[in-house]
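1. Sequence plus predicted model, see below.
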Amino acid sequence: ESNVPIIMLTARGDESDKLVGLELGADDYLTKPFSPKELVARVRAVLRRTEMAQSSPGREIIRVAELTLALPRMRVTLDERLIDLTPTEFELLAALASQPGRIFTRAQLLDAVHGVAFESYERAIDAHIKNIRRKLEPNPRQPRYILTVYGVGYKFADA
């Protein structure tokens, strides 16, 4: 088990390539040519998110039914079974679960996870949500935890 953030640097810039990379667990995806300053900013952002998740003050554990998020350890269990999430997946789940019932737009979720909303990456949120559902839900097509609010974004189910 590893919480090491992953940034993909690649020449493959098609939307489908980006989505596949993010679905496979990358926390960010940067295509060539890229600015070294942008790369440094993205590395700092992903490290900041990872560090904040590991040392976030306040509420350290979120419990919803049989789902438990241990924020400082970036650990998720479902029915006491450890669920392996990437750092980005964990941050998304924590953002949603910390405010059940609140509707988040994709841009708000990007901002919560990356610290800034990159418009071109809004659909990447969909790929991460799909992965989280696949790992958490007994039937990902009928989710119990992360619900789609059509035309708006996502919300975590009310407890």
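-> Right, received. Where do you want to start? Numbering: from 1, shown residues only.

2. Going by C-alpha atoms from here, please, whenever you check contacts or count neighbours.
-> Will do.

3. In this structure residue 94 contacts residue 69, no?
-> Yes. Under the criterion of Cα atoms under 8 Å, residue 94 makes contact with residue 69 at 7.2 Å.

4. what packs against the helix or strand of the chain with the lowest mean pLDDT?
-> In the chain, no helix or strand scores lower on mean pLDDT, DSSP states H and E than helix 36-55, which sits at a mean of 76. In terms of contact count using 3 or more Cα pairs under 8 Å, 6 or more residues apart in numbering; DSSP states H and E, helix 36-55 is assigned the packing partners helix 87-97, helix 106-114.

5. The longest one packs against which elements?
-> Applying 3+ Cα pairs under 8 Å, 6+ apart, one finds that helix 87-97 makes contact with helix 36-55, helix 106-114, helix 122-136, strand 153-156.

6. for the shortest one, same thing?
-> For helix 106-114, the elements it packs on are helix 36-55, helix 87-97, helix 122-136, judged by 3+ Cα pairs under 8 Å, 6+ apart.

7. any idea how far residue 94 is from residue 8?
-> 23 Å (Cα to Cα, to the nearest Å).

8. So between those two, which is more surrounded?
-> Set residue 94 next to residue 8 and count neighbours by other Cα atoms under 10 Å: residue 94 wins out with 22 against 15.

9. so how far is residue 38 from the more buried one?
-> Taking Cα to Cα, one finds residue 94 at 26 Å from residue 38.
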